[in-house]
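Peer 1: Return atomic coordinates for the entry below.
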Amino acid sequence: MKNGRVWSHFEALFEQISVFWFSEEELRPHPEPQPSTVDKSTKKQRKIKIIESPPFSLCLKYLQCQKDAHQMRVNCSKNSNPHSLDGLDSDDTSDSTWQNCKNSLEDDYYLMNQRREEAFAYLDKCVPIANVTREFMITDRICRASTLKDRKPRKEAINCHFEVSRKRKECALLRDCCVQADVCERSALYAVISDEYLLRRTQLRETLDSCMNQSIDGGNLVV
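Peer 2: Modelled structure (predicted):
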C-alpha cells in the first residue's frame, strides 16, 4: 500500500501542471545566421514562423485540446493505478476494500466531475464572446504557425505520462494563439469554478487515501 500512497502524491503533483512554461530562448525566433561564421549544425536552424492575427479556429482547437488532455490524463491515471481517484467510476469489484470506499465516495466524485464539466462549459460559452481589451492585446505572446497543423499521433508505444505532457504542451502553444481564452480564464467566475474543482479533488483524494489505509490497517489487527 506504500506504493499506492506514493503514487497518489505523484498524481496530485502531476494534476496541478496544466500549462507548460517555455524558456525565453525556445520561444524567441532565431536570428538569421551569417554564412561566413556559422557551422553546419547552425545552418539547419530555421526561424519560427509567427501568426500576427490568429484565426478564431485556433481558439476552438485550444478548447478541444484542453478536453482531450484532461481525458488523456484520466485514462493514464486509471491505467497506471486502477485504484486511483480517477478510477472511482470503474466497475472493479475484485477488491472489497476498494469497493466499499468507492461506494461511499460516489456522490463526492460526481460533484467533483460536475465542476470540471462546468469549467469546460463556461469556456465554451465565454471564448466566442470575450471582450478583448487593449491590456490583453499588448501582452507578450507568440502564436506559432505550426499550431495550424494537426499533429499526428505517435505510432510507437510511449509512456502515457509522456503523451499527456506532450498534449499539454500542444495546448499551451494553442493558448498563445487565443487571447480570448486568456480573458475568460482570468475571469472571476472561472476562477471560482476551477478552484472549487481543485479543492474537491484534493479533499476527495485525501478521503480516499484515508479510507483505503484505515480498511487495510483494520484488517491487519490481530484480535
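Peer 1: other SSEs contacting the longest helix along the chain?
Peer 2: Identified as the longest helix of the chain according to DSSP state H is helix 188-219. Packing partners of helix 188-219 (3 or more CB pairs under 8 Å, 6 or more residues apart in numbering; DSSP states H and E): helix 2-16, helix 96-104, helix 106-126. Backbone N, C-alpha and C define where each C-beta goes, glycine included.
Peer 1: Can you flag the weakest of those helices by average pLDDT?
Peer 2: For these, the weakest mean pLDDT is recorded on helix 2-16, namely a mean of 44.
Peer 1: where does the protein have low pLDDT?
Peer 2: The model of the chain has pLDDT under 70 over residues 1-46, 134-140, 152-157, 215-223.
Peer 1: Repeat the analysis, applying 80 as the threshold.
Peer 2: Applying pLDDT under 80 to the chain flags the ranges 1-48, 93, 133-141, 148-158, 215-223.
Peer 1: and the longest helix of the chain, which residues are buried?
Peer 2: 190, 193-194, 196-198, 200-201, 204-205, 208-209, 211-212, 215 (16 or more other CB atoms under 10 Å).
Peer 1: What of stretch 118-130?
Peer 2: Neighbour-count burial for stretch 118-130 flags 118-119, 122-123, 126-127, 130 (criterion: 16+ other CB under 10 Å).
Peer 1: Stretch 165-180 too?
Peer 2: 165-168, 170-180.
Peer 1: repeat for stretch 63-79
Peer 2: Here stretch 63-79 shows 63, 65-66, 69-70, 72-74, 76-78 as buried, counting by 16+ other CB under 10 Å.
Peer 1: Relative to S53, which of these is nearest.
Peer 2: The closest of these to S53 turns out to be L63 (CB to CB; 19.2 Å).
Peer 1: So the closest one sits against L123, correct?
Peer 2: Yes: counting by CB atoms under 8 Å, L63 does reach L123; the two are 5.9 Å apart.
Peer 1: so what sits against both of these two?
Peer 2: Listed contacts common to L63 and L123 are A181; contacts here mean CB atoms under 8 Å, 6 or more residues apart in numbering.
Peer 1: Of the buried residues of helix 188-219, which is the nearest to L85?
Peer 2: Nearest to L85 out of the buried residues of helix 188-219 is R205 (CB to CB; 4.9 Å).
Peer 1: Please name the nearest non-neighbouring residue to the closest one.
Peer 2: In space, R205 comes closest to L85 once its chain neighbours are excluded; the distance is 4.9 Å by CB to CB, 6 or more residues apart in numbering.
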